[in-house]
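Q: Turn this into a structure:
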Amino acid sequence: MAISMTPAAADRVRSFLANRGKGLGLRLGLRTSGCSGMAYVIEFVDELNDDDELYTIDGVNIIIDAKSFIYLQGIELDFVKEGLNEGFQFNNPNAKGECGCGESFTV
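A: All right, here's what the predicted structure looks like:
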(Lines give C-alpha, C1' and ligand atoms only; values in the text may rest on other atoms or scores of the structure.)
Protein backbone atom coordinates (compact mmCIF):
# COMPACT_ATOMS: atom_id res chain seq x y z
CA MET A 1 0.00 0.00 0.00
CA ALA A 2 1.16 3.50 -0.72
CA ILE A 3 0.52 4.83 2.78
CA SER A 4 -0.12 3.33 6.21
CA MET A 5 -1.36 4.37 9.62
CA THR A 6 -0.77 2.91 13.06
CA PRO A 7 -3.78 1.86 15.15
CA ALA A 8 -3.08 4.79 17.52
CA ALA A 9 -3.25 7.26 14.62
CA ALA A 10 -6.42 5.68 13.23
CA ASP A 11 -8.09 5.88 16.67
CA ARG A 12 -7.11 9.54 17.03
CA VAL A 13 -8.40 10.49 13.57
CA ARG A 14 -11.69 8.66 14.21
CA SER A 15 -12.01 10.56 17.49
CA PHE A 16 -11.35 13.93 15.80
CA LEU A 17 -13.90 13.21 13.06
CA ALA A 18 -16.51 12.05 15.60
CA ASN A 19 -16.02 15.20 17.69
CA ARG A 20 -16.27 17.34 14.57
CA GLY A 21 -19.53 15.65 13.60
CA LYS A 22 -18.87 15.69 9.86
CA GLY A 23 -16.15 15.14 7.31
CA LEU A 24 -15.09 12.67 4.67
CA GLY A 25 -11.65 12.10 6.17
CA LEU A 26 -8.25 13.63 6.78
CA ARG A 27 -5.98 15.25 4.19
CA LEU A 28 -2.22 14.72 4.29
CA GLY A 29 -0.37 17.25 2.21
CA LEU A 30 2.72 19.41 1.94
CA ARG A 31 3.51 23.09 1.84
CA THR A 32 6.72 25.01 1.29
CA SER A 33 8.04 25.99 4.70
CA GLY A 34 10.93 26.03 7.14
CA CYS A 35 14.66 25.69 6.72
CA SER A 36 14.55 22.38 4.85
CA GLY A 37 11.87 23.22 2.32
CA MET A 38 8.67 21.24 3.01
CA ALA A 39 6.29 20.83 5.95
CA TYR A 40 3.40 18.46 6.50
CA VAL A 41 -0.20 19.69 6.44
CA ILE A 42 -3.12 17.90 8.07
CA GLU A 43 -6.69 19.12 7.58
CA PHE A 44 -10.23 17.83 7.55
CA VAL A 45 -11.81 17.09 4.16
CA ASP A 46 -15.48 17.57 3.43
CA GLU A 47 -15.27 17.24 -0.38
CA LEU A 48 -12.75 15.61 -2.70
CA ASN A 49 -10.84 17.66 -5.27
CA ASP A 50 -10.31 16.39 -8.82
CA ASP A 51 -6.67 15.42 -8.19
CA ASP A 52 -7.25 13.70 -4.81
CA GLU A 53 -6.52 10.05 -4.11
CA LEU A 54 -8.59 8.40 -1.38
CA TYR A 55 -7.14 5.64 0.82
CA THR A 56 -9.17 3.83 3.46
CA ILE A 57 -7.03 2.46 6.26
CA ASP A 58 -8.57 0.77 9.29
CA GLY A 59 -11.89 2.48 8.54
CA VAL A 60 -10.34 5.95 8.19
CA ASN A 61 -10.27 7.89 4.90
CA ILE A 62 -6.93 9.54 4.13
CA ILE A 63 -6.88 11.94 1.19
CA ILE A 64 -3.68 12.96 -0.61
CA ASP A 65 -3.47 15.27 -3.64
CA ALA A 66 -1.42 14.16 -6.64
CA LYS A 67 1.41 16.68 -6.11
CA SER A 68 1.93 15.71 -2.47
CA PHE A 69 1.67 11.97 -3.16
CA ILE A 70 5.05 11.98 -4.91
CA TYR A 71 6.71 12.95 -1.61
CA LEU A 72 4.37 11.02 0.71
CA GLN A 73 4.39 7.63 -1.02
CA GLY A 74 5.25 5.00 1.58
CA ILE A 75 4.58 7.29 4.57
CA GLU A 76 3.34 5.95 7.89
CA LEU A 77 1.20 8.23 10.05
CA ASP A 78 1.53 7.58 13.79
CA PHE A 79 0.12 9.24 16.90
CA VAL A 80 2.57 9.47 19.78
CA LYS A 81 2.21 10.50 23.42
CA GLU A 82 5.42 11.39 25.26
CA GLY A 83 4.90 12.83 28.72
CA LEU A 84 2.66 15.88 28.38
CA ASN A 85 3.25 16.09 24.61
CA GLU A 86 1.19 14.32 22.02
CA GLY A 87 0.84 14.60 18.28
CA PHE A 88 1.03 13.01 14.89
CA GLN A 89 4.39 11.71 13.74
CA PHE A 90 5.27 11.21 10.08
CA ASN A 91 7.56 8.30 9.25
CA ASN A 92 8.46 9.23 5.69
CA PRO A 93 10.92 7.00 3.80
CA ASN A 94 11.39 9.77 1.21
CA ALA A 95 12.74 12.32 3.71
CA LYS A 96 16.49 12.77 3.35
CA GLY A 97 16.86 15.25 6.21
CA GLU A 98 15.02 17.46 8.68
CA CYS A 99 15.70 20.87 10.07
CA GLY A 100 16.89 21.13 13.68
CA CYS A 101 13.49 22.13 15.07
CA GLY A 102 11.73 19.30 13.20
CA GLU A 103 9.27 21.62 11.46
CA SER A 104 10.37 20.84 7.90
CA PHE A 105 12.12 18.21 5.83
CA THR A 106 13.83 17.74 2.49
CA VAL A 107 13.67 14.93 -0.06
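Q: check contacts around the spatially most central residue of the chain.
A: The residue lying closest to the centre of the chain (CA atoms, centre = their mean) is Leu28, at 3.8 Å. Leu28 makes contacts with 3, 40-42, 62-64, 68, 72, 75, 77, as judged by CB atoms under 8 Å, 6 or more residues apart in numbering. Any C-beta I mention is one placed from the backbone N, CA and C, and that applies to glycine too.
Q: Kindly confirm my reading that it forms part of a strand.
A: Yes. Assigned with DSSP: H, G, I helix; E, B strand; the rest coil, Leu28 falls within a strand.
Q: Tell me what it is bridged to.
A: Ile42 (DSSP bridges).
Q: let's have the chain start at 22 instead
A: Okay, residue one is now 22; in that scheme the one you just asked about reads as Leu49.
Q: Could you check how far the residue of the chain positioned farthest from its centre is from Ile63?
A: In the chain, Gly104 marks the outermost C-alpha relative to the chain mean, sitting 22.2 Å out by CA atoms, centre = their mean. Between Gly104 and Ile63 the computed distance is 22 Å (CB to CB, to the nearest Å).
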